[in-house]
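*Asks:* Provide a 3D model corresponding to the input given below.
(chains A, B and C)
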Amino acid sequence: MWILHVDMDAFVASVELRRHPELVGQPIAVGGRGDPQQARMVVMSASYEARALGIHAGLPLRRAVRKVPELVVVPVDQAEYLAASAEILQALREFPMPIEPWGLEEFFLSTDRADPEDLALELQASVLADTRLVCTVGIGENKLQAKMATRHAKPARIFKITRENWPLLMDHRPAGDLWGIGERTAEKLAELGIGTIAELGAADEAMMAKRFGPTIGPRLARMGRGEGDTEIVTEPQQAKSRSHAVTYPEDLTERAEIAARVEGLARDLATSVIADGRQVVRVAVTVRNAGFFTKTLPLKLPEVSTDPELVASHALLVLEKFPLDRPVRLLGVRVDLA
DNA sequence: TCTGGGGTCCTAGGACCC
DNA sequence: TCTGGGGTCCTAGGACCC
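*Replies:* Have a look, this model is predicted:
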(Lines give C-alpha, C1' and ligand atoms only; values in the text may rest on other atoms or scores of the structure.)
Protein backbone atom coordinates (compact mmCIF):
# COMPACT_ATOMS: atom_id res chain seq x y z
CA MET A 1 0.00 0.00 0.00
CA TRP A 2 1.16 3.51 -0.79
CA ILE A 3 0.35 6.82 0.89
CA LEU A 4 0.13 9.85 -1.40
CA HIS A 5 0.38 13.40 -0.13
CA VAL A 6 -1.24 15.99 -2.38
CA ASP A 7 -0.09 19.52 -1.54
CA MET A 8 -1.34 22.56 -3.43
CA ASP A 9 1.38 24.88 -4.73
CA ALA A 10 1.23 28.41 -3.29
CA PHE A 11 -2.40 27.61 -2.59
CA VAL A 12 -3.82 30.92 -1.40
CA ALA A 13 -1.83 33.03 -3.87
CA SER A 14 -2.82 30.67 -6.71
CA VAL A 15 -6.51 30.88 -5.84
CA GLU A 16 -6.25 34.68 -6.01
CA LEU A 17 -4.42 34.52 -9.34
CA ARG A 18 -7.11 32.23 -10.68
CA ARG A 19 -9.76 34.92 -10.23
CA HIS A 20 -7.42 37.80 -11.10
CA PRO A 21 -5.86 36.49 -14.34
CA GLU A 22 -4.59 39.98 -15.16
CA LEU A 23 -2.10 39.56 -12.29
CA VAL A 24 -0.56 36.32 -13.56
CA GLY A 25 3.18 36.73 -13.93
CA GLN A 26 3.36 39.56 -11.41
CA PRO A 27 4.69 39.12 -7.90
CA ILE A 28 1.66 38.96 -5.60
CA ALA A 29 1.24 38.55 -1.87
CA VAL A 30 -1.98 37.80 -0.04
CA GLY A 31 -2.38 39.37 3.39
CA GLY A 32 -4.25 41.84 5.52
CA ARG A 33 -7.42 43.61 4.55
CA GLY A 34 -6.28 45.27 1.35
CA ASP A 35 -4.11 48.10 2.60
CA PRO A 36 -0.45 47.17 2.32
CA GLN A 37 0.44 50.03 4.66
CA GLN A 38 -1.78 48.62 7.41
CA ALA A 39 0.41 48.05 10.43
CA ARG A 40 0.69 44.62 12.08
CA MET A 41 -0.35 42.63 9.03
CA VAL A 42 1.79 39.90 7.48
CA VAL A 43 2.03 37.98 4.21
CA MET A 44 -0.16 34.88 4.34
CA SER A 45 0.88 33.49 0.95
CA ALA A 46 3.17 34.63 -1.86
CA SER A 47 3.23 33.70 -5.54
CA TYR A 48 6.39 32.04 -6.86
CA GLU A 49 7.29 35.29 -8.64
CA ALA A 50 7.13 37.08 -5.29
CA ARG A 51 9.08 34.33 -3.53
CA ALA A 52 11.87 34.75 -6.06
CA LEU A 53 12.13 38.36 -4.84
CA GLY A 54 12.37 37.36 -1.19
CA ILE A 55 8.71 37.58 -0.18
CA HIS A 56 7.50 34.81 2.11
CA ALA A 57 4.70 33.96 4.52
CA GLY A 58 4.99 35.76 7.84
CA LEU A 59 6.82 38.77 6.44
CA PRO A 60 5.21 42.03 7.64
CA LEU A 61 3.27 43.56 4.74
CA ARG A 62 4.86 46.97 5.09
CA ARG A 63 8.32 45.46 4.97
CA ALA A 64 7.33 43.37 1.96
CA VAL A 65 6.22 46.37 -0.10
CA ARG A 66 9.33 48.28 0.90
CA LYS A 67 11.41 45.37 -0.29
CA VAL A 68 9.45 44.88 -3.53
CA PRO A 69 7.65 48.12 -4.43
CA GLU A 70 5.91 46.51 -7.43
CA LEU A 71 4.43 43.80 -5.18
CA VAL A 72 0.66 43.44 -5.66
CA VAL A 73 -1.04 42.95 -2.29
CA VAL A 74 -4.38 41.14 -2.30
CA PRO A 75 -6.63 41.00 0.79
CA VAL A 76 -7.33 37.70 2.53
CA ASP A 77 -10.64 36.03 1.63
CA GLN A 78 -11.00 32.93 3.77
CA ALA A 79 -14.35 31.90 2.26
CA GLU A 80 -12.78 31.74 -1.20
CA TYR A 81 -10.03 29.37 0.00
CA LEU A 82 -12.60 27.18 1.74
CA ALA A 83 -14.56 26.92 -1.51
CA ALA A 84 -11.42 26.16 -3.53
CA SER A 85 -10.46 23.44 -1.06
CA ALA A 86 -13.87 21.81 -1.54
CA GLU A 87 -13.37 21.88 -5.31
CA ILE A 88 -10.03 20.11 -4.98
CA LEU A 89 -11.52 17.47 -2.71
CA GLN A 90 -14.25 16.88 -5.27
CA ALA A 91 -11.67 16.46 -8.04
CA LEU A 92 -9.75 13.94 -5.92
CA ARG A 93 -12.92 12.01 -5.12
CA GLU A 94 -13.19 11.02 -8.78
CA PHE A 95 -10.55 8.47 -7.83
CA PRO A 96 -11.82 5.50 -5.85
CA MET A 97 -9.53 5.72 -2.85
CA PRO A 98 -9.63 6.85 0.77
CA ILE A 99 -8.93 10.58 1.17
CA GLU A 100 -8.06 12.52 4.31
CA PRO A 101 -8.07 16.33 4.05
CA TRP A 102 -5.27 17.92 6.07
CA GLY A 103 -6.04 21.60 6.44
CA LEU A 104 -7.34 23.36 3.36
CA GLU A 105 -4.51 22.64 0.95
CA GLU A 106 -3.24 19.18 1.72
CA PHE A 107 -4.71 15.73 1.30
CA PHE A 108 -3.48 12.24 2.19
CA LEU A 109 -4.67 9.33 0.08
CA SER A 110 -3.95 5.61 0.18
CA THR A 111 -3.84 3.17 -2.69
CA ASP A 112 -3.04 -0.46 -3.44
CA ARG A 113 -2.03 0.36 -7.00
CA ALA A 114 1.42 -0.87 -7.98
CA ASP A 115 2.18 2.29 -9.99
CA PRO A 116 1.83 5.19 -7.54
CA GLU A 117 3.79 7.54 -9.80
CA ASP A 118 1.33 7.03 -12.63
CA LEU A 119 -1.53 7.59 -10.20
CA ALA A 120 0.14 10.78 -8.96
CA LEU A 121 0.36 12.08 -12.53
CA GLU A 122 -3.32 11.32 -13.03
CA LEU A 123 -4.21 13.14 -9.81
CA GLN A 124 -2.22 16.21 -10.82
CA ALA A 125 -3.81 16.29 -14.26
CA SER A 126 -7.29 15.83 -12.88
CA VAL A 127 -6.92 18.50 -10.19
CA LEU A 128 -5.49 20.93 -12.76
CA ALA A 129 -8.26 20.21 -15.28
CA ASP A 130 -11.04 20.59 -12.70
CA THR A 131 -9.70 23.51 -10.65
CA ARG A 132 -6.93 25.19 -12.69
CA LEU A 133 -4.70 24.76 -9.63
CA VAL A 134 -1.31 23.05 -9.54
CA CYS A 135 -0.28 20.52 -6.92
CA THR A 136 2.76 18.54 -5.86
CA VAL A 137 2.48 14.86 -4.95
CA GLY A 138 4.69 13.01 -2.48
CA ILE A 139 4.62 9.21 -2.31
CA GLY A 140 5.65 7.09 0.66
CA GLU A 141 4.96 3.98 2.69
CA ASN A 142 3.48 6.20 5.40
CA LYS A 143 2.38 9.79 5.92
CA LEU A 144 5.77 10.99 7.13
CA GLN A 145 7.62 9.63 4.11
CA ALA A 146 4.98 11.01 1.75
CA LYS A 147 5.07 14.42 3.42
CA MET A 148 8.86 14.60 3.25
CA ALA A 149 8.74 13.44 -0.37
CA THR A 150 6.49 16.38 -1.21
CA ARG A 151 9.19 18.79 -0.09
CA HIS A 152 11.62 17.19 -2.53
CA ALA A 153 9.07 17.54 -5.31
CA LYS A 154 7.99 21.19 -4.87
CA PRO A 155 6.70 22.68 -7.00
CA ALA A 156 4.50 20.71 -9.36
CA ARG A 157 6.49 17.48 -9.42
CA ILE A 158 6.28 13.98 -7.95
CA PHE A 159 8.74 12.22 -5.64
CA LYS A 160 8.81 8.95 -3.75
CA ILE A 161 10.49 8.18 -0.42
CA THR A 162 10.62 4.65 0.98
CA ARG A 163 12.61 2.86 3.67
CA GLU A 164 15.21 2.17 0.97
CA ASN A 165 16.07 5.76 0.06
CA TRP A 166 15.17 7.35 3.40
CA PRO A 167 18.68 7.01 4.89
CA LEU A 168 20.40 8.43 1.82
CA LEU A 169 17.99 11.36 1.56
CA MET A 170 17.36 12.13 5.22
CA ASP A 171 20.04 10.76 7.57
CA HIS A 172 22.40 13.73 7.32
CA ARG A 173 19.70 16.39 7.62
CA PRO A 174 18.89 18.21 10.88
CA ALA A 175 16.20 16.53 12.98
CA GLY A 176 14.27 19.81 12.86
CA ASP A 177 13.66 19.24 9.14
CA LEU A 178 11.18 16.49 10.00
CA TRP A 179 7.46 17.18 9.83
CA GLY A 180 6.38 17.44 13.47
CA ILE A 181 9.68 18.65 14.90
CA GLY A 182 9.72 22.37 15.47
CA GLU A 183 12.21 24.77 16.90
CA ARG A 184 11.62 23.93 20.57
CA THR A 185 11.92 20.18 20.12
CA ALA A 186 15.01 20.60 17.93
CA GLU A 187 16.63 22.60 20.76
CA LYS A 188 15.81 19.94 23.34
CA LEU A 189 17.18 17.24 21.04
CA ALA A 190 20.39 19.24 20.59
CA GLU A 191 20.79 19.31 24.37
CA LEU A 192 20.72 15.51 24.24
CA GLY A 193 23.42 15.50 21.57
CA ILE A 194 20.92 14.62 18.85
CA GLY A 195 21.46 16.78 15.79
CA THR A 196 20.70 14.70 12.72
CA ILE A 197 17.80 12.52 11.68
CA ALA A 198 20.09 9.48 11.82
CA GLU A 199 21.00 10.30 15.42
CA LEU A 200 17.32 10.70 16.27
CA GLY A 201 16.53 7.33 14.72
CA ALA A 202 19.26 5.70 16.81
CA ALA A 203 18.12 7.31 20.08
CA ASP A 204 17.15 5.03 22.97
CA GLU A 205 13.36 4.99 23.26
CA ALA A 206 13.31 4.67 27.05
CA MET A 207 15.53 7.73 27.36
CA MET A 208 13.34 9.58 24.88
CA ALA A 209 10.21 8.64 26.85
CA LYS A 210 11.78 10.00 30.00
CA ARG A 211 12.64 13.31 28.34
CA PHE A 212 9.58 13.85 26.13
CA GLY A 213 6.87 11.75 27.70
CA PRO A 214 5.65 8.23 26.96
CA THR A 215 3.83 9.12 23.75
CA ILE A 216 5.98 11.76 22.11
CA GLY A 217 9.42 10.44 23.05
CA PRO A 218 9.28 7.04 21.36
CA ARG A 219 7.40 8.55 18.44
CA LEU A 220 10.23 11.02 17.81
CA ALA A 221 12.75 8.17 17.63
CA ARG A 222 10.56 6.30 15.19
CA MET A 223 10.23 9.43 13.08
CA GLY A 224 14.02 9.53 12.81
CA ARG A 225 13.85 6.14 11.14
CA GLY A 226 11.16 7.27 8.72
CA GLU A 227 8.40 5.34 10.44
CA GLY A 228 4.93 6.86 10.67
CA ASP A 229 1.18 6.60 10.46
CA THR A 230 -0.51 4.89 7.55
CA GLU A 231 -4.09 5.41 8.64
CA ILE A 232 -6.27 7.54 6.37
CA VAL A 233 -9.19 9.07 8.27
CA THR A 234 -11.84 9.57 5.63
CA GLU A 235 -14.68 10.55 7.92
CA PRO A 236 -14.99 14.32 8.19
CA GLN A 237 -14.00 15.08 11.76
CA GLN A 238 -16.25 17.29 13.85
CA ALA A 239 -14.36 20.41 14.83
CA LYS A 240 -13.34 20.31 18.51
CA SER A 241 -13.04 24.03 18.87
CA ARG A 242 -13.49 27.26 17.00
CA SER A 243 -11.68 30.50 17.65
CA HIS A 244 -11.42 34.04 16.45
CA ALA A 245 -8.68 36.52 17.19
CA VAL A 246 -8.12 40.11 16.16
CA THR A 247 -4.90 42.10 16.17
CA TYR A 248 -5.83 45.76 16.50
CA PRO A 249 -4.00 48.34 14.40
CA GLU A 250 -3.56 50.32 17.59
CA ASP A 251 -3.30 49.00 21.13
CA LEU A 252 -6.34 49.00 23.38
CA THR A 253 -5.79 50.57 26.78
CA GLU A 254 -9.23 51.10 28.29
CA ARG A 255 -10.50 48.18 30.34
CA ALA A 256 -14.09 48.95 29.38
CA GLU A 257 -13.25 48.80 25.69
CA ILE A 258 -11.26 45.59 26.09
CA ALA A 259 -14.19 44.01 27.92
CA ALA A 260 -16.65 45.17 25.27
CA ARG A 261 -14.46 43.67 22.51
CA VAL A 262 -14.09 40.34 24.29
CA GLU A 263 -17.80 40.19 24.95
CA GLY A 264 -18.56 40.90 21.30
CA LEU A 265 -16.05 38.36 20.01
CA ALA A 266 -17.44 35.70 22.33
CA ARG A 267 -21.06 36.43 21.50
CA ASP A 268 -20.45 36.40 17.73
CA LEU A 269 -18.38 33.23 17.85
CA ALA A 270 -20.91 31.42 20.06
CA THR A 271 -23.80 32.56 17.88
CA SER A 272 -22.02 31.19 14.82
CA VAL A 273 -21.19 27.74 16.26
CA ILE A 274 -24.66 27.41 17.80
CA ALA A 275 -26.20 28.23 14.41
CA ASP A 276 -24.18 25.26 13.13
CA GLY A 277 -25.90 23.04 15.67
CA ARG A 278 -22.99 22.79 18.09
CA GLN A 279 -22.86 23.14 21.88
CA VAL A 280 -20.22 25.02 23.84
CA VAL A 281 -18.48 23.35 26.80
CA ARG A 282 -15.68 25.79 27.51
CA VAL A 283 -14.63 29.29 26.61
CA ALA A 284 -11.05 30.57 26.52
CA VAL A 285 -9.78 34.11 26.20
CA THR A 286 -6.41 35.10 24.75
CA VAL A 287 -4.71 38.41 25.45
CA ARG A 288 -1.53 39.50 23.68
CA ASN A 289 -0.01 42.64 25.09
CA ALA A 290 2.12 45.29 23.44
CA GLY A 291 5.25 43.35 24.41
CA PHE A 292 3.88 40.37 22.46
CA PHE A 293 3.47 38.39 25.66
CA THR A 294 0.53 36.09 25.00
CA LYS A 295 -1.59 34.18 27.48
CA THR A 296 -4.71 32.05 27.12
CA LEU A 297 -6.98 31.18 30.03
CA PRO A 298 -9.84 28.70 29.68
CA LEU A 299 -12.98 28.25 31.76
CA LYS A 300 -15.45 25.40 31.71
CA LEU A 301 -19.09 26.49 31.55
CA PRO A 302 -21.36 25.31 34.39
CA GLU A 303 -23.17 23.24 31.79
CA VAL A 304 -23.07 22.54 28.07
CA SER A 305 -24.62 25.59 26.51
CA THR A 306 -26.35 26.92 23.42
CA ASP A 307 -26.73 30.40 24.89
CA PRO A 308 -24.45 33.05 23.36
CA GLU A 309 -25.05 35.33 26.34
CA LEU A 310 -23.84 32.68 28.78
CA VAL A 311 -20.70 32.20 26.69
CA ALA A 312 -20.17 35.97 26.52
CA SER A 313 -20.62 36.47 30.25
CA HIS A 314 -18.16 33.67 31.01
CA ALA A 315 -15.65 35.17 28.60
CA LEU A 316 -15.85 38.32 30.71
CA LEU A 317 -15.29 36.27 33.87
CA VAL A 318 -12.13 34.86 32.28
CA LEU A 319 -10.99 38.34 31.27
CA GLU A 320 -11.11 39.41 34.92
CA LYS A 321 -8.25 37.00 35.64
CA PHE A 322 -5.96 39.04 33.40
CA PRO A 323 -4.15 41.96 35.03
CA LEU A 324 -4.53 44.13 31.88
CA ASP A 325 -1.73 46.32 33.14
CA ARG A 326 -0.22 46.78 29.68
CA PRO A 327 -1.69 47.96 26.37
CA VAL A 328 -3.41 45.15 24.49
CA ARG A 329 -2.50 44.29 20.92
CA LEU A 330 -4.62 41.18 20.29
CA LEU A 331 -7.78 39.72 21.78
CA GLY A 332 -9.03 36.25 20.98
CA VAL A 333 -11.82 33.94 22.04
CA ARG A 334 -11.98 30.18 21.61
CA VAL A 335 -14.95 27.94 22.29
CA ASP A 336 -14.48 24.22 22.86
CA LEU A 337 -17.37 22.20 21.51
CA ALA A 338 -19.34 19.24 22.81
C1' DT B 1 10.33 50.34 10.85
C1' DC B 2 9.25 43.85 14.08
C1' DT B 3 6.19 39.57 14.84
C1' DG B 4 -1.62 37.05 11.39
C1' DG B 5 -5.12 33.73 12.17
C1' DG B 6 -7.15 29.09 12.90
C1' DG B 7 -6.59 24.75 14.49
C1' DT B 8 -4.95 19.95 17.09
C1' DC B 9 -2.63 17.09 20.37
C1' DC B 10 0.04 16.11 24.53
C1' DT B 11 1.78 16.72 29.35
C1' DA B 12 2.07 18.09 34.12
C1' DG B 13 0.06 18.89 38.26
C1' DG B 14 -3.64 19.86 41.59
C1' DA B 15 -8.16 18.49 43.48
C1' DC B 16 -10.95 15.05 44.79
C1' DC B 17 -12.70 10.41 45.47
C1' DC B 18 -12.43 5.56 46.72
C1' DT C 1 0.47 9.54 66.46
C1' DC C 2 0.21 6.92 60.27
C1' DT C 3 -0.41 9.13 55.41
C1' DG C 4 -0.49 4.02 49.86
C1' DG C 5 -2.05 4.18 45.29
C1' DG C 6 -5.18 4.38 41.37
C1' DG C 7 -8.61 6.87 38.63
C1' DT C 8 -10.75 11.00 36.84
C1' DC C 9 -11.66 15.76 36.08
C1' DC C 10 -9.90 20.18 35.36
C1' DT C 11 -6.65 23.91 34.51
C1' DA C 12 -2.53 25.70 32.47
C1' DG C 13 0.76 25.60 29.28
C1' DG C 14 3.79 23.81 25.51
C1' DA C 15 4.44 22.58 20.87
C1' DC C 16 3.39 22.04 16.25
C1' DC C 17 1.04 22.58 11.88
C1' DC C 18 -0.79 25.17 7.64
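*Asks:* Tell me if the helix or strand containing A:Thr296 is near DNA strand B.
*Replies:* Assigned by DSSP states H and E, A:Thr296 belongs to strand A:294-305. No. Strand A:294-305 lies apart from DNA strand B when judged by C-beta under 7 Å from any atom of the strand; the minimum separation is 8.9 Å. For glycine as for every other residue, the C-beta is placed from the backbone atoms N, C-alpha and C.
*Asks:* And that strand, what does it pack against?
*Replies:* strand A:280-289, helix A:308-319, strand A:328-337 (3 or more C-beta pairs under 8 Å, 6 or more residues apart in numbering; DSSP states H and E).
*Asks:* Tabulate those (a markdown table), appending distance to DNA strand C and mean neighbour count.
*Replies:* Below are the helices and strands packed on strand A:294-305 laid out as a markdown table (distance: least, C-beta to the nearest atom of the strand, whole Å; neighbours: other C-beta atoms under 10 Å):
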| stretch | distance to DNA strand C | mean neighbour count |
| --- | --- | --- |
| strand A:280-289 | 6 | 21 |
| helix A:308-319 | 8 | 19 |
| strand A:328-337 | 9 | 21 |
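*Asks:* who's in contact with the residue of the stretch 51-200 of chain A found nearest DNA strand C?
*Replies:* For the stretch 51-200 of chain A, the residue closest to DNA strand C is A:Gly182, as judged by C-beta to the nearest atom of the strand, at 2.4 Å. By C-beta atoms under 8 Å, 6 or more residues apart in numbering, the contact list for A:Gly182 reads A:Gly176.
*Asks:* returning to that earlier point: spell out whether the strand holding A:Thr296 and DNA strand C are in contact.
*Replies:* Yes. Counting by C-beta under 7 Å from any atom of the strand, DNA strand C has neighbours in strand A:294-305: A:295-300.
*Asks:* so how many other residues sit close to the closest residue to DNA strand B within the stretch 51-200 of chain A?
*Replies:* Closest approach between the stretch 51-200 of chain A and DNA strand B, counting by C-beta to the nearest atom of the strand: A:Pro60, at 4.3 Å. Neighbour count of A:Pro60, defined by other C-beta atoms under 10 Å: 15.
*Asks:* Help me confirm that it comes into contact with A:Met44.
*Replies:* No. Using C-beta atoms under 8 Å, A:Pro60 and A:Met44 do not qualify as a contacting pair, with a distance of 11.9 Å.
*Asks:* Give me the contacts around the one helix or strand A:Ala206 maps to.
*Replies:* Using DSSP H and E, A:Ala206 maps to helix A:205-212. For helix A:205-212, the surrounding residues in contact (C-beta under 8 Å, 6+ apart) are A:185, A:188, A:192, A:217-218, A:220-221.
*Asks:* likewise stretch A:68-82?
*Replies:* With contacts defined as C-beta under 8 Å, 6+ apart, stretch A:68-82 is touched by A:11-12, A:15-16, A:19-20, A:23, A:26-34, A:36, A:44, A:50, A:53-55, A:61, A:64-65, A:104-105.
*Asks:* so of those residues, which ones are in helices?
*Replies:* Using DSSP state H, the members of those that fall in helices are A:11-12, A:15-16, A:19, A:50, A:61, A:64-65.
*Asks:* Could you turn the buried ones of those into a PyMOL selection?
*Replies:* To isolate the buried members of the ones in helices among the contacts of stretch A:68-82 in PyMOL, using 16 or more other C-beta atoms under 10 Å:
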select buried, chain A and resi 11+12+15+16+50+61+64+65
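*Asks:* Kindly indicate which of the ones in helices among the contacts of stretch A:68-82 lies nearest A:Thr196.
*Replies:* A:Phe11 (30.9 Å; C-beta to C-beta).
*Asks:* Now the nearest residue to the closest one once chain neighbours are set aside. Its backbone dihedrals?
*Replies:* Counting by C-beta to C-beta, 6 or more residues apart in numbering, A:Glu105 is the residue found nearest to A:Phe11 once chain neighbours are left out, at 3.8 Å. A:Glu105 adopts backbone torsions of phi -120, psi 10, taken as degrees, to the nearest 10.
*Asks:* how close does A:Pro236 get to DNA strand C?
*Replies:* Distance of A:Pro236 to DNA strand C, given as C-beta to the nearest atom of the strand, to the nearest Å: 17 Å.
*Asks:* Can you report how many residues neighbour that residue?
*Replies:* Close neighbours of A:Pro236, defined as other C-beta under 10 Å, add up to 9.
*Asks:* mind listing the helices for the stretch 51-200 of chain A?
*Replies:* In the stretch 51-200 of chain A, the segments counted as helices under DSSP state H, counting those that start in this stretch are A:61-67, A:78-92, A:116-131, A:143-153, A:166-170, A:183-191, A:197-201.
*Asks:* Output these as TSV; include the columns mean pLDDT.
*Replies:* As requested, the helices of the stretch 51-200 of chain A are arranged in TSV below (pLDDT from 0 to 100):
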stretch	mean pLDDT
helix A:61-67	93
helix A:78-92	94
helix A:116-131	97
helix A:143-153	95
helix A:166-170	96
helix A:183-191	90
helix A:197-201	95
